[in-house]
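[1] Mind looking at a prediction? Sequence and model below.
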Amino acid sequence: MVGGNSVAEYVEALGILVGAIILFKIIQKILISWLRKVSKKTNTDIDDLIVHVVESFKAPFYYVLALYLAVSYLTFPQVVDNVALVVFILFLSYYGVQAIQIIIEYVILKAIHKRDGAHVPMGMIQMMVRIVVWSLGILFILSNLGIEITSLIAGLGIGGIAVALALQNILGDLFSSFAIYLDKPFEIGDFIIVGEHMGIVEKIGIKTTRIRALQGEEIVISNKELTSTRIQNFKKMQERRVVFLFGVTYGTPNEKMEKISDIVKQAVESEEHARFERSHFKNFGDSSLNFESVYYILSGDYNEYMDIQERINLSVKKAFEVEGIDMAFPTRTIHIEK
């Protein structure tokens, strides 16, 4: 007898150890091979996820599991059994947390891809997932080791409230950044207007978003402010409604006035990316007969809008010169009584 066990029992335990290791490896290889064959026949990637989870259980896990089974077959002092149990729980928790982490990251990544989240910081999200999952894993380990965690959870809750109050603004910006990434009111490269500021979005960070203004300077705005205010996003504009006004002189004959709307219509319809809406003699101004014209540009690009508007203005001006129609300008007539 050695340590309370016979030589035969040690041999049997060794056989259990070797046999369990071989059995676990065979089962893993067969299971992974079968799952890979199934994954090739299906369009879903859930089976790929299962393969990834199974592969995350590396050889040390099976060695420890086999060793725990072999040690459980033998008779040892309670201290040895407790140490074996602790080691087994640690390994089980470590690989279990890894598997849960893989599944959670898969679900989050799937949700982000559905929303076309090209600029989502996966590193930051993975860090948050790891903190939460490993915190739960540590509590699981402590609970299985017989440690009372109720008071610990209560203390963490009170401490969490204190930290949340102290970091209220930072946490507000952090959660606002997640709202921006998931809801996507704007993306990098979009031209937006926020209050009195406007520019192109260059970077969406954890706490702030950086915008390059038209004048060239960088504008830094907190994410919390962005999610609590109105944002105009011109990058998502598919067409632009344009209203432009002009006036002609009071001396313009009626037959010339009746041609003006058709002149504007022809100028707009000559543009490939413009759609004419209307043109009307709107009202009598102080020193002009005012016209209001409306058309749509079939693009959200501002430079294209300005190019089209310039060509329309030149076309209208040329037509007015041919027809002898004078554009109005501010004038004042003074009558002197004798």
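    Perfect, I can see it now.
[2] all strands in the chain, in order from the N-terminus.
    For the chain, the strands defined by DSSP state E cover 191-194, 197-204, 208-213, 218-222, 231-233, 240-248, 274-284, 289-297.
[3] Return the set of buried residues in the third one.
    When burial is assessed from 16 or more other Cβ atoms under 10 Å, strand 208-213 yields the following buried residues: 208-211. Glycine gets a C-beta too; all of them are placed from N, C-alpha and C.
[4] Correct me if wrong: Asp190 contacts Asn233.
    Yes - here Asp190 reaches Asn233: they are 5.5 Å apart, a contact under Cβ atoms under 8 Å.
[5] shaky segments in the stretch 1-150 of the chain?
    1-5, 43-45, 47-48, 76-78, 81, 110-126, 128, 140, 142, 144-150 (pLDDT under 70).
[6] what's stretch 93-104 in contact with?
    49, 52-53, 56-58, 61, 129-130, 133-134, 136-137, 140-141, 144 (Cβ atoms under 8 Å, 6 or more residues apart in numbering).
[7] so how far is it off the chain centroid?
    Mean-position distance between stretch 93-104 and its chain equals 24 Å (Cα atoms, centre = their mean, to the nearest Å).
[8] What residues of it count as buried?
    Applying 16+ other Cβ under 10 Å to stretch 93-104 flags 93-102, 104 as buried.
[9] would you turn these into JSON lines with distance to Ser176?
    Shown next, in JSON lines, are the buried residues of stretch 93-104 (distance: Cβ to Cβ, whole Å):
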{"residue": "Ser93", "distance to Ser176": "34"}
{"residue": "Tyr94", "distance to Ser176": "34"}
{"residue": "Tyr95", "distance to Ser176": "35"}
{"residue": "Gly96", "distance to Ser176": "33"}
{"residue": "Val97", "distance to Ser176": "29"}
{"residue": "Gln98", "distance to Ser176": "31"}
{"residue": "Ala99", "distance to Ser176": "32"}
{"residue": "Ile100", "distance to Ser176": "27"}
{"residue": "Gln101", "distance to Ser176": "25"}
{"residue": "Ile102", "distance to Ser176": "28"}
{"residue": "Ile104", "distance to Ser176": "22"}
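[10] In the stretch 51-200 of the chain, mark out all the helices, start to finish.
    Secondary structure of the stretch 51-200 of the chain (DSSP state H, counting those that start in this stretch): helices located at 59-73, 78-114, 122-144, 150-166, 168-183.
[11] Same list, the buried residues of strand 208-213, but as CSV with pLDDT and distance to Glu239 please.
    As requested, the buried residues of strand 208-213 are arranged in CSV below (pLDDT from 0 to 100; distance: Cβ to Cβ, whole Å):
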residue, pLDDT, distance to Glu239
Thr208, 83, 32
Thr209, 87, 27
Arg210, 89, 29
Ile211, 90, 24
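[12] so which of those residues would you say is closest to Ile263?
    Ile211 (40.8 Å; Cβ to Cβ).
[13] how near is the closest one to His197?
    Separation of Ile211 from His197 (Cβ to Cβ, to the nearest Å) stands at 7 Å.
[14] Quick check: neighbours shared by those two?
    Taking Cβ under 8 Å, 6+ apart as the criterion, Ile211 and His197 both touch 219, 221.
[15] domain parsing for this protein?
    7-146, 180-233, 240-323 (automatic domain parsing).
[16] Throw these into JSON lines and include distance to Glu337, thanks.
    Shown next, in JSON lines, are the domains of the chain (distance: least, Cβ to Cβ, whole Å):
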{"stretch": "domain 7-146", "distance to Glu337": "73"}
{"stretch": "domain 180-233", "distance to Glu337": "50"}
{"stretch": "domain 240-323", "distance to Glu337": "22"}
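[17] which one of these lies closest to Thr333?
    With distances scored as Cβ to Cβ, the stretch of the domains of the chain nearest to Thr333 is domain 240-323 (8.8 Å).
[18] mean confidence for the closest one?
    Mean pLDDT, domain 240-323: 92.
[19] What's the end-to-end length of it?
    With Cα to Cα, to the nearest Å as the measure, domain 240-323 spans 30 Å from end to end.
[20] Find out how far it is from the centre of the chain, if you would.
    Distance, centroid of domain 240-323 to centroid of chain: 42 Å (Cα atoms, centre = their mean).
[21] do stretch 208-224 as well
    Per Cα atoms, centre = their mean, the centroid offset for stretch 208-224 relative to its chain is 18 Å.
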